[in-house]
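Trainee: Let me see the structure of the following:
(one chain, ligands or ions: 1)
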Amino acid sequence: MFKQANPLPHHVSLLSSPYQTHYSASNPFFINPPSPKVSPLFRKKTNSSSNQSICSSSTIPTSSFSSIPTTTTTTTTTTTEVEAQSESEELSASSTSSTPSFCSAFKMVPVVDPFVFWTFFASLLGFLLLFIFRFQNKKNVSSERKTKMNLLEDQAKSSAGGGEIPTVFNSGTDIIIVGAGVAGSALAHTLAKEGRRIHVIERDLTEPDRIVGELLQPGGYLKLIELGLEDCVEKIDAQRIFGYGLFKDGRRTRVSYPLERFHTDVAGRSFHNGRFIQRMREKAASLPNVKLEQGTVTSLLEENGIIKGVQYKTKNGQEHEAYAPLTIVCDGCFSNLRRSLCEPKVEVPSCFVGLILENCQLPFANHGHVVLADPSPILFYPISSTEVRCLVDVPGQKVPSIANGAMANYLKNTVAPQVPAELHDAFLSAIDKGNIRTMPNRSMPANPLPTPGALLMGDAFNMRHPLTGGGMTVALSDIVVLRDLLKPLHDLNDSASLCKYLESFYTLRKPVASTINTLAGALYKVFSASPDEARQEMREACFDYLSLGGIFSTGPVALLSGLNPRPLSLVLHFFAVAVYGVGRLLLPFPSPKRLWIGARLILSASGIIFPIIKAEGVRQMFFPVTIPAFHRAPPLDADTKTM
Ligand SMILES: Cc1cc2nc3c(=O)[nH]c(=O)nc-3n(C[C@H](O)[C@H](O)[C@H](O)COP(=O)(O)OP(=O)(O)OC[C@H]3O[C@@H](n4cnc5c(N)ncnc54)[C@H](O)[C@@H]3O)c2cc1C
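Mentor: Numbering: from 1, shown residues only. Below is the predicted model:
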């Protein structure tokens, strides 16, 4: 079905092999790369006319578009046009060829049976009517498929004066980036290196002091290398992380990242988030084509459905406007601007309470630590050579009051008894010191409204529970996808076309992002205590499964670390845990009660993972290649517009 298509330029093809760039042969940090599983789809490099879309392949039946909700209008129209054209060619060919026989038939009227003549005449008339009817029908179907994006596209074209650059865009800036946190500052540096003129507007340029984004998974570190930003974790006393220690009811086990095939430098990194961000901001601002300005963006400037820039307030209260063909909104988890660019469905399953422990040794040096506590997990990891971050999960949206001492009581009486012995005293000292911080743990599946002239990135676009520390890895991975997608587009002014290409971004990012998101949501539920016996069994089974070693621990931890973000592998391991749990229940002697708990365990596992997968999008997650946008890429030459 997809034989003809390779609309992606080579660099995008490799990237868009959804399972990813870590194994890039050009990546010096990867030793002994396994042969990349590049689909035959991507092998052939085609010219820009084939870039048009896989949909223009005449081998795709029109019906295969019926389930595609958006953005297919142009491509469907192309198919329709191709078919209509070939049909009209067929018709004219048949009418030409039929002319002599018709004439001869006419001449032969006196000698030929009139029945033959009228039959022939009626067939010709019928064929003609059929053709007219089908043509009309296709036109109707095609117009029905017009989506919001295509309407916007039409508006964009008309407001751009048929492709001319509106004067408003001639501001000397190619891209405005709102927010210089993890995503914004990495993006500014990345796109500036590609030659774009970047204007970054950040609310507060002083070093952030937060309890978020302190552990970068090895998959994220690989992305940092791909973006040329790996030196941003140097000189900030960042710690190397090699895996996790798991603790449950007095038992402990260690699971290591499968890093054997990588350069020795590749590992996780943990640090003070603010130090890391400042390093990235400095690096971005050092480029001549980056303007980093302090200001708070108050709104997006929109005209005829196209975002043309932003309005912002500087520190001294002055209102300004900035214009660019593309605005990328990276204003973080509390984003005020995301509402017009996506349909946010934010959930807050819990909050993290943050403390810093000093003068203590972690049970497993250079590892993250997860305590499967009651009611929910506790995390420990080093953030400098002398400090350990502790994050205590508190289910729900409310936490005990810090001001009236309820929080200190909760931490001392409920949490401290579950903390590993080595950390107990340092934990109590940290509570007494009083520097207790809280942060809501938000989760929000990506649900974009493709809008010409604007794009969301980072937490403003997509969030997951921070238990697995996947947020920065997803943000950096998205930046790599976007960089490669924009690379061949020299002119960003055609907002309608740009918007269509950017739709590919939403699909290409999906396998990596949705694997990390789904694992975070599922693991949080499995690791939390529950009164339900089936859930308790699942939790126990998960701990034991990870303690088995070999593929049973490296498989899940490779998913978690972003080293092998494959959705199918995630589902297999998840249900392997469930089946392992059932096996533990039924061996050596099954009883009716144990059978019943086993059945409920499977049901409970399904009830955990399937809603998350549904929210992520089954098709985008498991079959991204069946989505037309997956194959859409900008023309290699900007002047060759193939839209
Ligand atoms: C408790 C917690 C712990 C976490 N731990 C980890 C972890 O260990 N590892 C991990 O990978 N991820 C972790 N995450 C997730 C991670 O922090 C985020 O995924 C990451 O910070 C997202 O980066 P961002 O650039 O989108 O947002 P941010 O880093 O929050 O940056 C947003 C920026 O936008 C600026 N801004 C906001 N509004 C405006 C405006 N109107 N105008 C101008 N500027 C504006 C802000 O000042 C800020 O600098 C954690 C999250 C939480 C909640």
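Trainee: Pull the number of nearby residues for the residue in the stretch 301-450 of the chain positioned nearest to the ligand.
Mentor: For the stretch 301-450 of the chain, the residue closest to the ligand is residue 332, as judged by C-beta to the nearest ligand atom, at 3.0 Å. No exception for glycine: its C-beta is placed from N, CA and C like everyone else's. Residues lying near residue 332 (other C-beta atoms under 10 Å) number 22.
Trainee: where does it land on pLDDT?
Mentor: With respect to pLDDT, residue 332 scores 97.
Trainee: and if you look at residue 152?
Mentor: For residue 152, the pLDDT comes out at 36.
Trainee: next one: the one helix or strand residue 537 maps to to chain centre, how far?
Mentor: Residue 537 belongs to helix 533-547 when elements are defined using DSSP states H and E. Relative to its chain's centre, helix 533-547 lies at 29 Å (C-alpha atoms, centre = their mean, to the nearest Å).
Trainee: And the contacts of it?
Mentor: If you take C-beta atoms under 8 Å, 6 or more residues apart in numbering as the criterion, helix 533-547 is touched by 246, 248, 251, 253, 255, 372, 526-530, 552-553, 556-557, 576-578, 580-581, 584-585, 597-598, 600-601, 603-605.
Trainee: can you pull the buried residues of that helix?
Mentor: Judged by neighbour count using 16 or more other C-beta atoms under 10 Å, the buried positions of helix 533-547 are 534-535, 537-547.
Trainee: Check which element follows the longest strand along the chain along the chain.
Mentor: If you go by DSSP state E, the chain has its longest strand at strand 290-303. Using DSSP H and E, the next helix or strand after strand 290-303 towards the C-terminus is strand 306-314.
Trainee: And that next one, what's buried?
Mentor: Across strand 306-314, burial judged by 16+ other C-beta under 10 Å covers 306, 307, 308, 309, 310, 312.
Trainee: What residue, apart from its backbone neighbours, is nearest the third one spatially?
Mentor: Closest residue to residue 308 in three dimensions, ignoring its sequence neighbours and counting by C-beta to C-beta, 6 or more residues apart in numbering: residue 301, at 5.0 Å.
Trainee: Could you check how many residues crowd around the residue in the chain that the ligand sits nearest to?
Mentor: The minimum distance from the chain to the ligand, using C-beta to the nearest ligand atom, falls at residue 181 (1.8 Å). Close neighbours of residue 181, defined as other C-beta under 10 Å, add up to 26.
Trainee: Got the phi and psi for it?
Mentor: According to degrees, to the nearest 10, the main-chain angles of residue 181 amount to phi -90, psi -140.
Trainee: Over to residue 350?
Mentor: According to degrees, to the nearest 10, residue 350 has phi -160, psi 180.
Trainee: ok, it - contacts?
Mentor: Each residue near residue 350 by C-beta under 8 Å, 6+ apart is listed here: 376, 393, 394, 395, 396, 441, 465, 524.
Trainee: got it, and residue 186?
Mentor: Contact analysis of residue 186 by C-beta under 8 Å, 6+ apart lists 224, 227, 229, 280, 284, 475, 476, 479.
Trainee: average pLDDT for the one helix or strand it maps to?
Mentor: For residue 186, the host element (DSSP H and E) is helix 182-193. For helix 182-193, mean pLDDT is 98.
Trainee: Report the inter-axis angle for that helix versus strand 290-303.
Mentor: Orientation of helix 182-193 against strand 290-303 (axes from the mean of the first three to the mean of the last three C-alpha atoms, to 10 degrees) gives an angle of 100 degrees.
Trainee: Counting only helices, which of the contacts of residue 186 make the cut?
Mentor: Judged by DSSP state H, helices contain the following of those: 224, 280, 284, 475, 476, 479.
Trainee: Can you give me the distance of the third one to residue 299?
Mentor: Just to be clear, that refers to residue 284. Remark: distance between residue 284 and residue 299 (C-beta to C-beta, to the nearest Å) = 24 Å.
Trainee: again, but for the last one
Mentor: Summarising the geometry, the distance separating residue 479 from residue 299, computed by C-beta to C-beta, is 25 Å.
Trainee: and if you look at the fourth one?
Mentor: Counting by C-beta to C-beta, the separation of residue 475 from residue 299 is 24 Å.
Trainee: and what of residue 196?
Mentor: From residue 196 over to residue 299 (counting by C-beta to C-beta), the distance is 23 Å.
Trainee: Look at the two and report which has more neighbours.
Mentor: Using other C-beta under 10 Å, the more surrounded residue of residue 196 and residue 299 is residue 196, with 19 against 12.
Trainee: For the residue lying closest to the more buried one once chain neighbours are set aside, give me its contacts.
Mentor: The spatially closest residue to residue 196, leaving aside those adjacent along the chain, is residue 174, at 4.2 Å (C-beta to C-beta, 6+ apart). Residue 174 sits next to 191, 196, 197, 198, 324, 325, 326, 492 when contact means C-beta under 8 Å, 6+ apart.
Trainee: Show me just the buried residues among those.
Mentor: For the contacts of residue 174, buried by 16+ other C-beta under 10 Å: 191, 196, 197, 198, 324, 325, 326, 492.
Trainee: where's the dip in pLDDT among those residues?
Mentor: residue 492 (90).
Trainee: contacting residues around it?
Mentor: The contact partners of residue 492, taken as C-beta under 8 Å, 6+ apart, are 174, 175, 196, 324, 325, 326, 486, 498.
Trainee: between the residues you listed, which is nearest residue 389?
Mentor: Closest approach between the contacts of residue 492 and residue 389, by C-beta to C-beta: residue 175, at 33.6 Å.
Trainee: measure the closest one to residue 291 for me?
Mentor: For residue 175, the distance to residue 291 - C-beta to C-beta - is 11 Å.
Trainee: that older thread, ok, of the contacts of helix 533-547, which come out buried?
Mentor: The neighbour count (16+ other C-beta under 10 Å) marks 246, 248, 253, 255, 372, 526-528, 530, 552-553, 556-557, 576-578, 580-581, 584-585, 597-598, 600-601, 604-605 as buried among the contacts of helix 533-547.
Trainee: Good, wrapping up.
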